[in-house]
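Participant: Need coordinates for the following:
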Amino acid sequence: MASVLHFPQMSVGCKGQRGTVSKETLLLVAGGRFPEPDWLYRLAGACRVWSVDRGAMACFEAGIVPERYVGDADSCSEAVLEELRKRDVPLCMHPSEKEWTDLQLAFLEARQRFGSAVRVLVTGIWGGRFDHAWSAWFSVLWAERQGVDVAAFADEREICVFLKAPAEVDLRFRVPPGAVSLLPLTPECSEVSISRVRWPLADVRLESAVPYAISNRSLDGKTCEIRVGRGTLGVHVSWFNTDPEGKTKKEKSGPC
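Facilitator: Down below sits the predicted model:
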């Protein structure tokens, strides 16, 4: 049985992946690089939306009122918190000196409130400090051990879909991507195949210590197919050399 993840610039048809069918989608808007407001608004239309600390600002910029706020407010202004209170958004507040990151706490909150009934997408995850990105990346594995299905990190520039083997996906691009890369999260991913790309692979073993399967290209700019038999694999698609939202260079200028 298959399920589909829809993003503004592509869709992901998932076959065989554990726990992907008949679930609601929870979108966590984190405090890294903010997604483009129109992109976020379009994605949020099919999701429940929570903000994670500074991510509340990205929600408001996109005209979205999140269902819940999770964080320690160390990067979220009092004005934004007051606006959340005015809109009766529940605030799940934590002290700044704590064991878990804000994102990890949001994963735990999602598990407590929904159990295994939701899959989680995260935006506002890219950019910023490398240690934050590293923590977020491997928190996908930690979340899986907690019973939380983290399906993807995404914004208009890059999407990483997490495949928990055995799984097969069919990527359908609305905008031709600049690159497609395979990134093992677990030390080893085996029985990995990718087709309809410039450099296909068939039933290979990928190791996180030797991440060579990057910067591949879709042959027609419309689709490619990936399969993994064992391990957890990140399928990273980027549009850095393209124009996924159809904007001019002038409109895209400015800080990330």
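
Participant: so after the helix or strand where residue 131 lies, what's the next helix or strand?
Facilitator: Element membership for residue 131 (DSSP states H and E) is helix 130-145. Downstream of helix 130-145, the first helix or strand assigned by DSSP H and E is strand 149-154.

Participant: which residues touch that next one?
Facilitator: For strand 149-154, the surrounding residues in contact (Cβ atoms under 8 Å, 6 or more residues apart in numbering) are 5, 7, 12, 19-20, 23, 25, 35, 43, 107, 116, 118-123, 125-126, 136, 139-140, 143-144, 159-162. From N, CA and C alone the C-beta is placed, and that goes for glycine too.

Participant: Tell me which of those residues fall in strands.
Facilitator: Per DSSP state E, strands hold the following members of those: 5, 12, 25, 118-123, 159-162.

Participant: ok so, going back, can I get the buried part of the contacts of strand 149-154 as one ChimeraX selection?
Facilitator: Selecting only the buried entries of these in ChimeraX, with 16 or more other Cβ atoms under 10 Å as the criterion:
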select :5,7,12,19,20,23,25,35,43,107,118,119,120,121,122,123,125,126,136,139,140,143,144,159,160,161,162
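
Participant: Tell me the secondary structure of residue 56, please.
Facilitator: Recorded secondary structure, residue 56: helix (DSSP: H, G, I helix; E, B strand; the rest coil).

Participant: Report the buried residues of stretch 82-94.
Facilitator: Neighbour count says stretch 82-94 has 84, 89, 92, 94 buried, by 16+ other Cβ under 10 Å.

Participant: you'd agree the first one is up against residue 69?
Facilitator: What it means is residue 84. Yes. The criterion here is Cβ atoms under 8 Å, and residue 84 meets it with residue 69 at 5.4 Å.

Participant: joint contacts of these two?
Facilitator: With Cβ under 8 Å, 6+ apart as the test, residue 84 and residue 69 both reach 51, 56, 91.

Participant: and these as JSON lines, adding pLDDT?
Facilitator: Conversion of those to JSON lines gives the following (pLDDT from 0 to 100):
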{"residue": "51", "pLDDT": "97"}
{"residue": "56", "pLDDT": "95"}
{"residue": "91", "pLDDT": "95"}
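
Participant: can I see the domain layout of the protein?
Facilitator: 22-156, 158-240 (automatic domain parsing).

Participant: Now find how far off-centre the last one is within its chain.
Facilitator: In terms of Cα atoms, centre = their mean, to the nearest Å, the centre of domain 158-240 is found 15 Å from the chain centre.
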